[in-house]
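Chemist: Structure here, sequence nowhere to be found:
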């Protein structure tokens, strides 16, 4: 199983829309198909879409046949803009595209640019996996033997280059011999928890129990859930976290029940240009994601629907932000500045 | 549109499992089909299942052809037991069955019992509709012109004999000329909000916006939702409320955001025999309700799943309990004793 793979002249992507019923991999040779793959959520997860965009840009560079350097650079900048417009909330996407843009700007030989872009795309992937393993190790101290740990959405191998962020911390704790059980929230509307997290963990025989998003409070109040850990799509300077819709609700419920709520994310998710969560653009996706579940209509024809894909969890609900470069405890008291300096 | 109708020799029930795509009414002549209808959630909602059970018992009495009074009573008690076992959490069910049992016990003429049971079943229905209208009028003062009011599950005409409890309060406020918009949580796993509340309100042209359960916190924090009102399946002596899974989470989120959280229910929902919410039996339903949505598989084969159908909201989160006999403000300070005396 892998999320995304670079083949030199193509990119292979696991179609996450078909999970958990079918495990299908699609190979694309054209960058526009790869942009579609991010847009239509064939692949998803903040780190994974950054990697996918980088690979799409590297592939585009290989396929452009233009004689002039200026024409090549112009076309490559257009390609970068297309990837920038695929999804608005995850900062990793813009960070990865920024790395590619720097190469396009600084180098002045088409073939050198092509080679450097390929190298950079692979670096984005490899650094992500290494970062996940490092942050997993950093965060595992928060999980105790016997804990039932709740997570939301999919912040696992499927959302990243591999290993995962929130699930990376759980994997690290398990590898240290701790007995951990996972409660996975199904994560409506797109069901990443039911379709992806439950699938990813079941496959590795990590004990996982699926619940609906509405059950998290009940299982916290009744003492089943001991810790909560989630990923992030963007972390503001003051420690506010944008993550999958529903995250804020779980964080408030955790606080009310005296349960520690952790955020695990690579430093590529940190956004020093965003002062607080209020400045984060929340993507509003199509109403059909709520009205239809895998093609089946569940709402009356034409009813008004809201579909924000993310919400903002203020720093005061977060016990710690765990990254590959270190941890910020009680981010509400200090923000994330410490992680940006290192 | 109606939820349940008595035809003298049969009962017609709206099949709520097929909404919102199909509006199908089924007519049953045998009590066991009516018990099935409660068990398999063709009809649902605490008040509605009480009415349905009463009608099923009245119908059974008509169909039993036994010569001896003792044999008749024995058979009727068996029928009552079957209805008692259909679902465990809603107290209205047991209250309605209790009324029927009293008649069976006290009367000693088979035909008289038959007539009295029919009369009583219709009384259960009519009293419920009257109670809803009265509690709607009692509670409408809490809703202000221009409010966006969130509700969970379906506590509307479809959950009752008609008019509704939580939606009854909204209907009353609308009938007083207040401009009210409803945010309906879809209510996983059974989607009563998406399938029933959105359908019921759309049909009457009451402005309704559908959201997933995971969005309630986001729309409270961002100032969209101004009030929350829900129904109840059982209310304990201290004011703790059992209601559809997810209710507790919304209540905590409302408190955290300074939003008033109301419970609207007929006094048949009050349970003086249950001291606190901890003593309420929470029905755990089949895992397929979570793993499949209207026949479509959304979870990996064989994954562990929990499916509690209800949760308990402690009284401290509730601003007021609204009944047809009056209101208890801040139930945490006084319990529901006041409503039991009247």
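Modeler: Great, that's in hand. What you see is a predicted model; the values in this text were computed from it and never measured.

Chemist: longest helix of chain A?
Modeler: Looking across chain A with DSSP state H, the single longest helix is helix A:110-139.

Chemist: And it, what does it pack against?
Modeler: strand A:4-6, helix A:46-63, helix A:69-84, helix A:91-106, helix A:166-175, strand A:260-264, strand A:320-323, strand A:326-329 (3 or more C-beta pairs under 8 Å, 6 or more residues apart in numbering or on different chains; DSSP states H and E). Every C-beta, even on glycine, is put in place using the N, C-alpha and C of the backbone.

Chemist: Quick check: buried residues in it?
Modeler: By neighbour count on 16 or more other C-beta atoms under 10 Å in any protein chain shown, the buried set for helix A:110-139 is A:110, A:113-118, A:120-122, A:124-125, A:127-129, A:131-139.

Chemist: go on, stretch A:81-95?
Modeler: Buried, per 16+ other C-beta under 10 Å, within stretch A:81-95: A:82-84, A:86-95.

Chemist: and what of stretch A:53-67?
Modeler: Of all the residues in stretch A:53-67, those buried under the rule 16+ other C-beta under 10 Å are A:53, A:54, A:55, A:56, A:57, A:58, A:59, A:60, A:61, A:62.

Chemist: Dump these to CSV, plus pLDDT.
Modeler: Output for those, formatted as CSV (pLDDT from 0 to 100):
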residue, pLDDT
A:53, 98
A:54, 98
A:55, 98
A:56, 98
A:57, 98
A:58, 98
A:59, 98
A:60, 97
A:61, 97
A:62, 95
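
Chemist: Closest one of these to chain B?
Modeler: The closest of the buried residues of stretch A:53-67 to chain B turns out to be residue A:53 (C-beta to the nearest C-beta; 26.6 Å).

Chemist: Leaving out chain neighbours, which residue sits closest to that closest one?
Modeler: residue A:83 (4.2 Å; C-beta to C-beta, 6 or more residues apart in numbering or on different chains).

Chemist: Let me see the contact set for that neighbour.
Modeler: When contacts are counted by C-beta atoms under 8 Å, 6 or more residues apart in numbering or on different chains, residue A:83 touches A:31, A:35, A:38, A:53, A:56, A:57, A:93, A:97.

Chemist: hmm, back to that, turn the helices and strands packed on helix A:110-139 into TSV, including distance to residue A:273.
Modeler: Output for the helices and strands packed on helix A:110-139, formatted as TSV (distance: least, C-beta to C-beta, whole Å):
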stretch	distance to residue A:273
strand A:4-6	27
helix A:46-63	16
helix A:69-84	15
helix A:91-106	9
helix A:166-175	24
strand A:260-264	19
strand A:320-323	17
strand A:326-329	18
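
Chemist: quick one: the longest helix of chain A to helix A:166-175, angle?
Modeler: Here the directions of helix A:110-139 and helix A:166-175 differ by 50 degrees (axes from the mean of the first three to the mean of the last three C-alpha atoms, to 10 degrees).

Chemist: now the angle from helix A:110-139 to helix A:69-84?
Modeler: 30 degrees.

Chemist: for chain A, which spans come out with low pLDDT?
Modeler: Counting by pLDDT under 70, chain A contains low-confidence ranges at A:342.

Chemist: Helix, strand or coil: sort out the residue located most distally from the centre of it for me.
Modeler: Residue farthest from the centre of chain A, counting by C-alpha atoms, centre = their mean, is residue A:67 at 37.7 Å. Three-state assignment for residue A:67 (DSSP: H, G, I helix; E, B strand; the rest coil): coil.

Chemist: count of neighbours near the closest residue to residue A:77 other than its chain neighbours?
Modeler: Once flanking residues are discounted, residue A:77 sits nearest to residue A:104: 6.7 Å by C-beta to C-beta, 6+ apart. By the criterion of other C-beta atoms under 10 Å in any protein chain shown, residue A:104 has 20 neighbours.

Chemist: Residue A:104 touches residue A:73, doesn't it?
Modeler: Yes. Assessed by C-beta atoms under 8 Å, residue A:104 is found in contact with residue A:73 at 5.8 Å.
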